[in-house]
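Undergrad: Sharing a model that was predicted from the sequence below.
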Amino acid sequence: MSTDNDKQNALALDEVGDNAIESKETEGLSQGKIVLRKFLRHKGAMISIVVLVLVAIFAFSAQGFAGIPGWWKFSHTASGPVVNPGGAPTWSFANFFSLGDHPFGQDEIGRDNFSRVMKGTQISLVVMFIIGIVCLIIGTVVGAVAGYYRGWVDSVLMRITDGFVILPVIVVGSILGVLVGGANGPLLGVALGCILWVGLARLVRGDFMSLREREFVDSARVAGASDFRIMFKHMLPNAMGVIIVNTTLIMSQAIVLEASLSYLGFGIKPPGISLGQLISEYQTSFATRPWLFWWPGLFIIVIALCVNFIGDGLRDAFDPRMKTIPSWRKMKKAERMAQKEAK
């Protein structure tokens, strides 16, 4: 029992020392620089940013975007002769550095699966970012106005928010997908963003209701600042932590929602293409041509995980109450210190 207590005391002393070092390192830095430093030290978030950027660069450069041609020689719509039996991939782990003409394989009519997956990744990323931007704008404005003015303004806006909350997202998303989806990914992103902002609005409202009682808001009122300036010049920067973190979490949900709707046939439809639409199109090929099914699913998982890890890193950086679990090195150090004290 005494050994366990000594180990806990050593860990506590080690944590106090780490906090003292961290306080010394951040002394004289602005809040923004402190947040940035903490975020850059989050290994999961940094790795996720690198992976997500590489996926985006690879997808947009391979097939081209906005009239700019890509470097990959096959189009996502062009068909041709099937190279390998059954359209099997020309790239394998046995010959890792030789991609061949069709590294992700071909479908039954000879279309290149690599070009289709890259094009689908493009559209899915565009839809995800548009949903995030729309939710950011609507949720921030509604939450800020409701939290600042309170009273009947807050009551009206929150009742509207409650109306959106009770709507089943997948059902409403399916209806919107049928009405505005099809081959138009950006329009689908705007429509879905208009129903996913409610959680962010509630969080921003709570933050603004707390901030409006702070001294700097009273000082701005006395100085004659307008309500708009107080909300978006003075209060909004203090709520950016909540806004940024929850926007990234919404984006991670958005990529899965878009894939789900497209899989069910209510999202992106041919001639448009997305990762979910590819899974829907090739679901019958899972037993005979599994590579057609694996690659779109893998990219959906990678993108969703990357955005989630980035959100976790931002949450840890903005929240000063977050404490990291001691590493294996610190645990062993504390154990050695406890053993020395026991002797």
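TA: Here it is on my side, so go on. Numbering: from 1, shown residues only.

Undergrad: ok, how many other residues are close to the nearest residue to residue 126 once chain neighbours are set aside?
TA: Nearest residue to residue 126, sequence neighbours excluded (CB to CB, 6 or more residues apart in numbering): residue 185, at 5.5 Å. For glycine as for every other residue, the C-beta is placed from the backbone atoms N, C-alpha and C. By the criterion of other CB atoms under 10 Å, residue 185 has 25 neighbours.

Undergrad: Check residue 278 too.
TA: 30.

Undergrad: before we move on, which element is it in?
TA: Per DSSP states H and E, residue 278 falls inside helix 275-281.

Undergrad: tell me the mean pLDDT for that helix?
TA: For helix 275-281, the mean pLDDT works out to 86.

Undergrad: hang on, the earlier thing: measure the residue nearest to residue 126 to residue 128 for me?
TA: 10 Å (CB to CB, to the nearest Å).

Undergrad: For the stretch 51-200 of the chain, which segments count as helices?
TA: 113-149, 151-165, 169-180, 185-193, 198-211 (DSSP state H, counting those that start in this stretch).

Undergrad: Please list the residues outside the second one that contact it.
TA: If you take CB atoms under 8 Å, 6 or more residues apart in numbering as the criterion, helix 151-165 is touched by 142, 145, 146, 147, 195, 197, 198, 201, 202, 205.

Undergrad: Nearest to residue 74 among those?
TA: Proximity of the contacts of helix 151-165 to residue 74, judged by CB to CB, is greatest for residue 195, which lies at 36.8 Å.

Undergrad: Let me see the contact set for the closest one.
TA: 164, 167, 169, 172, 173, 176.

Undergrad: Going through the residues you listed, which ones are buried?
TA: Buried subset of the contacts of residue 195 (neighbour count, 16 or more other CB atoms under 10 Å): 164, 169, 172, 173, 176.

Undergrad: gap between the closest residue to the last one other than its chain neighbours and residue 135?
TA: Taking CB to CB, 6+ apart, and ignoring the residues beside it in sequence, residue 176 has residue 191 as its nearest neighbour in space, at 4.1 Å. When CB to CB is the yardstick, residue 191 and residue 135 sit 12 Å from each other.

Undergrad: the more surrounded of those two?
TA: residue 135 (27 against 21).

Undergrad: surely the more buried one meets residue 247?
TA: Yes. Contact status for residue 135 versus residue 247: in contact at 6.5 Å, counting by CB atoms under 8 Å.

Undergrad: which neighbours do those two share?
TA: residue 200.

Undergrad: And the average pLDDT for the helix or strand that residue 32 is a member of is what?
TA: Using DSSP H and E, residue 32 falls within helix 31-40. For helix 31-40, mean pLDDT is 79.

Undergrad: just stretch 162-179 next, same as before
TA: In the prediction, stretch 162-179 has an average pLDDT of 84.

Undergrad: okay, it in CSV with CA atoms only?
TA: Output of stretch 162-179 as CSV, limited to C-alpha atoms (Å, rounded to 0.1, in the frame of the first residue of the first chain):
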residue,chain,number,x,y,z
ASP,A,162,-36.0,23.1,-30.9
GLY,A,163,-38.1,22.6,-34.0
PHE,A,164,-34.9,21.6,-35.9
VAL,A,165,-33.7,19.4,-33.0
ILE,A,166,-36.8,17.1,-33.1
LEU,A,167,-36.5,16.6,-36.9
PRO,A,168,-34.8,13.2,-37.7
VAL,A,169,-31.7,14.2,-39.6
ILE,A,170,-31.5,11.2,-41.8
VAL,A,171,-35.2,11.6,-42.9
VAL,A,172,-34.9,15.3,-43.6
GLY,A,173,-31.5,14.8,-45.2
SER,A,174,-33.1,12.2,-47.5
ILE,A,175,-35.8,14.6,-48.6
LEU,A,176,-33.4,17.5,-49.1
GLY,A,177,-31.1,15.1,-51.0
VAL,A,178,-33.9,14.2,-53.4
LEU,A,179,-34.8,17.8,-53.9
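
Undergrad: contacting residues around stretch 262-276?
TA: So stretch 262-276 is contacted by 76-77, 116-117, 119-121, 123-124, 127, 173-175, 177-178, 181-185, 188, 258-261, 277, 279-281, 283, 296-297, 299-300 (CB under 8 Å, 6+ apart).

Undergrad: Pick out the residue nearest the middle of the chain.
TA: Nearest residue to the geometric centre of the chain (CA atoms, centre = their mean): residue 307, 3.0 Å.

Undergrad: Check for me that that residue belongs to a helix.
TA: Yes. Assigned with DSSP: H, G, I helix; E, B strand; the rest coil, residue 307 falls within a helix.

Undergrad: Look up how far residue 129 lies from it.
TA: Distance from residue 307 to residue 129, by CB to CB: 10 Å.
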